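Q: could you look at this predicted model? Sequence included:
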Amino acid sequence: MRRYVRLRMLGAAALAAVVTLAVTIIYLNLMPSEKQIERSIEHVYAVGSPQFTRCMSNLLGPPLIAGNAVTVLQNGDEIFPAMLEAIGSAQRSICFETYIYWSGIVGERFSDALAERARAGVRVHVLLDWVGTHLDDELLDPMREAGVQLELYHPLHWYTLARFNNRTHRKLLIVDGRIGFTGGVGIADVWLGDAQDPDHWRESHFRLEGPAVGQMQAAFIDNWIKTRSELLHGEDYFPEAPAAGGFQAQVFTSSPTSGSENVRLMYLLSIASAREHVRLSASYFVPDELSTRTLVAALQRGVRVEAILPGKHMDVEITRKASRARWGPLLEAGMEIYEYQPTMYHCKVMIVDDQWVSVGSTNFDNRSFRMNDEANLNVLDPGFARELAQVFEEDKRRSLRITLEEWRRRPLREKLAEAIADLLGDLL
């Protein structure tokens, strides 16, 4: 009898240890290690002011630098050919980091292109997120055999459990240190085409030339060092970069492993500095309390705030429900919310006062703000902002506006489902 009791006590102790370990791992993955911004940011200056430029340059790290050109690419029909053409032109180096890389037509095209350049003697470095990558060996093996250096970010091991929830969500392609790409596209067949139906997603991506490409290269190398413990440097990666255009631009990173929430700071400070108009294209929009307060404060001082979000064609339905649960204070304050109708809307663009633009991998949610490694390209140029504002207006014509009255009248079952999703909203 005593032996039985002793065994039960040992079993209970072992179970308690396992539960404690599991809770600890969950806590380490979901909770920030340092204090985060929680106090409202005052509206002190406008996005076009020299003070705004100085603050963004110093707070985020790399400065805004002049002499850049940025080309807007819409949907797979424009995005993939431009990226593959750049890869095919590489003479010295290719650095490629992405979250989504799936087997299929697109995956095969990129695998073939990267392997071909590696066989030609180009130094090719590929960093794929372990969670987002779903590649068959038929695509992985030829790249490795051709000489591509391929690494997986935070693969599952017992010693990586505490940071397993930290994924690289960055989408970076840098060719010869001279041409860079970023935006929202993943390497998967859902991005093929021209957003013509629900099977082909709506997307925006961007081609960068000029001195800011060096900052994008540094963003890639930041995670390459974390993963491979290898520094990439020299003329192959950081060549002299003459002016290619007239845009002021910066590429900055955000990562929980460095205790940084740069991307959240950038969004909040940009919105707090708006005086006229904020346009948000957001594939995943789950604002936290401070983000909501910042948007409401902008609306209350007369700023027009518009957002285009995914509609019924949404790849993560629980995220859409969590988003809709949080619209009340925003709609009540006068925010205009539109749901894109034709297909999944995966764009990630912010335009402020038709002068300041931020594009890249970042979603407007807690995962991007606090859990993922992200990288964004910021551009300060009225002409570029107006070009993207025109794209925004075109997307808006394919969207349905959700009014406060309609939001309040949604069925009870939807409200209950959204309330449940809202409880998980900051963990999505």
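A: Perfect, thanks for sending it.
Q: stretch 170-187 - what's its average pLDDT?
A: Averaging pLDDT along stretch 170-187 gives 98.
Q: then that stretch to CSV, C-alphas only?
A: The C-alpha coordinates for stretch 170-187 follow below in CSV (Å, rounded to 0.1, in the frame of the first residue of the first chain):
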residue,chain,number,x,y,z
ARG,A,170,10.6,38.8,-43.4
LYS,A,171,10.3,38.7,-47.2
LEU,A,172,13.6,39.8,-48.6
LEU,A,173,15.4,39.2,-51.9
ILE,A,174,18.7,41.0,-52.5
VAL,A,175,20.7,40.4,-55.7
ASP,A,176,24.3,41.5,-56.0
GLY,A,177,23.7,44.0,-53.2
ARG,A,178,22.2,46.3,-55.8
ILE,A,179,18.6,45.2,-56.2
GLY,A,180,16.2,44.4,-53.4
PHE,A,181,12.6,43.2,-53.1
THR,A,182,10.2,43.2,-50.2
GLY,A,183,6.5,43.2,-49.6
GLY,A,184,3.9,40.5,-48.8
VAL,A,185,4.4,37.8,-51.4
GLY,A,186,5.2,34.2,-50.5
ILE,A,187,6.6,31.5,-52.7
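Q: any buried residues in that stretch, and which?
A: For stretch 170-187, a neighbour-count test (16 or more other CB atoms under 10 Å) marks 170-187 as buried. Every residue, glycine included, has its C-beta placed from N, CA and C.
Q: same question, stretch 236-256
A: Applying 16+ other CB under 10 Å to stretch 236-256 flags 237-239, 241, 244-245, 247-256 as buried.
Q: and of those residues, the nearest to residue 227?
A: residue 255 (12.4 Å; CB to CB).
Q: per-residue pLDDT, the closest one?
A: pLDDT for residue 255: 91.
Q: phi, psi of residue 205?
A: With angles defined as degrees, to the nearest 10, residue 205 sits at phi -140, psi 170.
Q: how close does it get to residue 370?
A: Residue 205 sits 25 Å away from residue 370, going by CB to CB, to the nearest Å.
Q: more neighbours, the two?
A: residue 205 (27 against 20; other CB atoms under 10 Å).
Q: which ones are touching the nearest residue to that one once chain neighbours are set aside?
A: Among residues not flanking residue 205 along the chain, residue 183 sits closest, at 3.3 Å (CB to CB, 6 or more residues apart in numbering). Remark: with contacts taken as CB atoms under 8 Å, 6 or more residues apart in numbering, residue 183 is in contact with 73, 79, 171, 203, 204, 205, 206, 348, 359, 360, 361.
Q: so what does whatever helix or strand residue 107 lives in touch, helix or strand wise?
A: Assigned by DSSP states H and E, residue 107 belongs to helix 105-119. Counting contacts by 3 or more CB pairs under 8 Å, 6 or more residues apart in numbering; DSSP states H and E, helix 105-119 is packed against helix 75-89, strand 93-98, strand 123-129, helix 137-146.
Q: what does it contact?
A: So helix 105-119 is contacted by 76, 80, 83-84, 87-88, 90, 94, 96, 101, 124, 126, 135, 139-140, 142-143, 145-148, 187-189, 191-192 (CB under 8 Å, 6+ apart).
Q: if you tally nearby residues, what's the number for residue 366?
A: Residue 366 has 22 nearby residues by other CB under 10 Å.
Q: show me where the stretch 251-400 of the chain has helices.
A: Counting by DSSP state H, counting those that start in this stretch, the stretch 251-400 of the chain has helices at residues 262-272, 289-300, 317-325, 328-332, 366, 382-397.
Q: buried ones in stretch 203-213, by neighbour count?
A: Using 16+ other CB under 10 Å as the test for burial, stretch 203-213 gives 203, 204, 205, 206, 207, 208, 209, 210, 211, 212, 213.
Q: ok, back up a step: export the helices of the stretch 251-400 of the chain to CSV and tack on mean pLDDT?
A: Listed next are the helices of the stretch 251-400 of the chain as CSV, based on pLDDT from 0 to 100:
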stretch, mean pLDDT
helix 262-272, 96
helix 289-300, 98
helix 317-325, 96
helix 328-332, 98
helix 366, 93
helix 382-397, 98
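Q: what's the closest of those helices to residue 55?
A: With CB to CB as the measure, helix 262-272 is the member of the helices of the stretch 251-400 of the chain nearest residue 55 (6.9 Å).
Q: perfect, that will be all.
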